[in-house]
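Student: 3D, please:
(one chain, ligands or ions: 1)
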Amino acid sequence: MITATDVSAGYGGGLVVRGVGLQADHGEVVGLIGPNGSGKSTFLRTLYAALPPRTGLVALDHEPISELRGNRLARRVAVVAQESPSDLPVSVADMVLLGRAPQRRALAAFTREDHQAVAAALSRVGARDLANRRYATLSGGEKQRVLVARTLAQQADHLLLDEPTNHLDIRYQHELLRLVGQLGVTTVVVLHDLNLAARYCDKLVILKDGQALAAGTPREVLTAQRLLDVYGIRAEPMDVQGCLQLVFSIADEPQLHDAGARAAR
Ligand SMILES: Nc1ncnc2c1ncn2[C@@H]1O[C@H](COP(=O)(O)OP(=O)(O)OP(=O)(O)O)[C@@H](O)[C@H]1O
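Tutor: As a prediction, this is how the structure comes out:
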């Protein structure tokens, strides 16, 4: 379980996240959504202790995250951040093997179990055939899948993902988020695509100007009025095969059915 209570955080003298709370229960997938610059990545950084909150508390299973350090933290939390690792001259398999480091004692060699975990993780993201390639030579989408494989190999019980569908084609976007849901790992994921968020997240928290405007199920959060207020976009919530999906149009443009009605006159 990840709990953030009344978290404020920022850089230098300023605050960019103010009084944000979130609870991801065991095995739940919670989506963080909101416009560009609303503070999603900043808030996510506080959840993996990369940025200490100025006020408030972040806890994993009731233990303050500030008390977890080094390998103890890495065994509990796996992260795919927006900042991709630099293009190290390592193979894909070695990049994923790095995810196993927290499981080892200091200076112990990697075991057969480690290599099996790497192969299994690469298979789960459809990247087994990339194992011997140099990581630096992969496409953006291939790199993203390898970074997700690294978090799987890490076998942490909490997963934090910042726009993991970035660079992925439509099939891998769905496959990745479906996989995340099937892992049964407590997850917080930053997403821009609201239809993906509606489909794959159990709960959503929507940020605007560093504050959480609403939290709840996708149906509770993604209302037409809220999307107009937050994004300035007109959205029509629809039920597609039992799943909430949104059709969008720019708020200050005439809607399609208005234009159609005018044309018919
Ligand atoms: N390292 C930093 N130093 C100073 N300001 C920063 C830093 N990182 C982010 N900011 C600022 O904090 C604000 C929130 O940024 P953040 O990246 O958290 O938003 P976001 O919602 O994740 O945005 P996006 O959807 O564009 O990725 C922005 O105004 C940004 O310029």
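
Student: from here on, contacts and neighbour counts on C-alpha atoms
Tutor: Fine.

Student: quick one: secondary structure of residue 121?
Tutor: Three-state call for residue 121 (DSSP: H, G, I helix; E, B strand; the rest coil): helix.

Student: mind listing the strands for the stretch 101-250 of the chain?
Tutor: Using DSSP state E, counting those that start in this stretch, the strands of the stretch 101-250 of the chain run over 158-162, 186-190, 203-208, 211-216, 233-240, 243-250.

Student: strand partners (parallel or antiparallel) of the fourth one?
Tutor: In other words, strand 211-216. Strand 211-216 has the following sheet partners, assigned by DSSP bridges: strand 203-208 (antiparallel).

Student: returning to what we had before: tabulate the strands of the stretch 101-250 of the chain in TSV, adding columns for mean pLDDT and mean neighbour count.
Tutor: Formatted as TSV, those follow (pLDDT from 0 to 100; neighbours: other Cα atoms under 10 Å):
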stretch	mean pLDDT	mean neighbour count
strand 158-162	95	24
strand 186-190	97	25
strand 203-208	98	24
strand 211-216	98	18
strand 233-240	93	15
strand 243-250	92	16
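
Student: show me where pLDDT drops low in this structure?
Tutor: Along the chain, segments meeting pLDDT under 70 span 83-87, 103-108, 253-265.

Student: thinking again about what came up before, for the strands of the stretch 101-250 of the chain, give me CSV that also has distance to the ligand.
Tutor: As requested, the strands of the stretch 101-250 of the chain are exported to CSV (distance: least, Cα to the nearest ligand atom, whole Å):
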stretch, distance to the ligand
strand 158-162, 8
strand 186-190, 8
strand 203-208, 8
strand 211-216, 11
strand 233-240, 16
strand 243-250, 18
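
Student: tabulate those strands in JSON lines, adding columns for distance to residue 72.
Tutor: Formatted as JSON lines, the strands of the stretch 101-250 of the chain follow (distance: least, Cα to Cα, whole Å):
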{"stretch": "strand 158-162", "distance to residue 72": "12"}
{"stretch": "strand 186-190", "distance to residue 72": "17"}
{"stretch": "strand 203-208", "distance to residue 72": "27"}
{"stretch": "strand 211-216", "distance to residue 72": "30"}
{"stretch": "strand 233-240", "distance to residue 72": "43"}
{"stretch": "strand 243-250", "distance to residue 72": "38"}
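
Student: got phi/psi on the residue of the stretch 51-200 of the chain at minimum distance from the ligand?
Tutor: Residue of the stretch 51-200 of the chain nearest the ligand, by Cα to the nearest ligand atom: residue 192 (7.1 Å). Taking degrees, to the nearest 10, you get phi -100, psi -30 for the backbone angles of residue 192.

Student: and residue 209, by the same measure?
Tutor: Backbone torsions for residue 209, taken as degrees, to the nearest 10, come to phi 50, psi 40.

Student: for it, give me its contacts.
Tutor: Contacts here follow Cα atoms under 8 Å, 6 or more residues apart in numbering; on that basis residue 209 touches 16-17, 37-39.

Student: circling back to that earlier point, so which of the strands of the stretch 101-250 of the chain is nearest residue 45?
Tutor: strand 158-162 (9.1 Å; Cα to Cα).

Student: quick one: contacts of the closest one?
Tutor: With contacts defined as Cα under 8 Å, 6+ apart, strand 158-162 is touched by 1-2, 41, 44, 47-48, 76-82, 151, 185-191.

Student: switch the cut-off to 6 Å
Tutor: The contact list for strand 158-162, computed with Cα atoms under 6 Å, 6 or more residues apart in numbering, reads 76-82, 185-190.

Student: now swap in stretch 41-54 and tell me
Tutor: Taking Cα under 6 Å, 6+ apart as the rule, stretch 41-54 contacts 8-9.

Student: quick check: the farthest pair among the contacts of residue 209?
Tutor: Maximum distance among the contacts of residue 209 (Cα to Cα): 10.3 Å, for 17 and 37.
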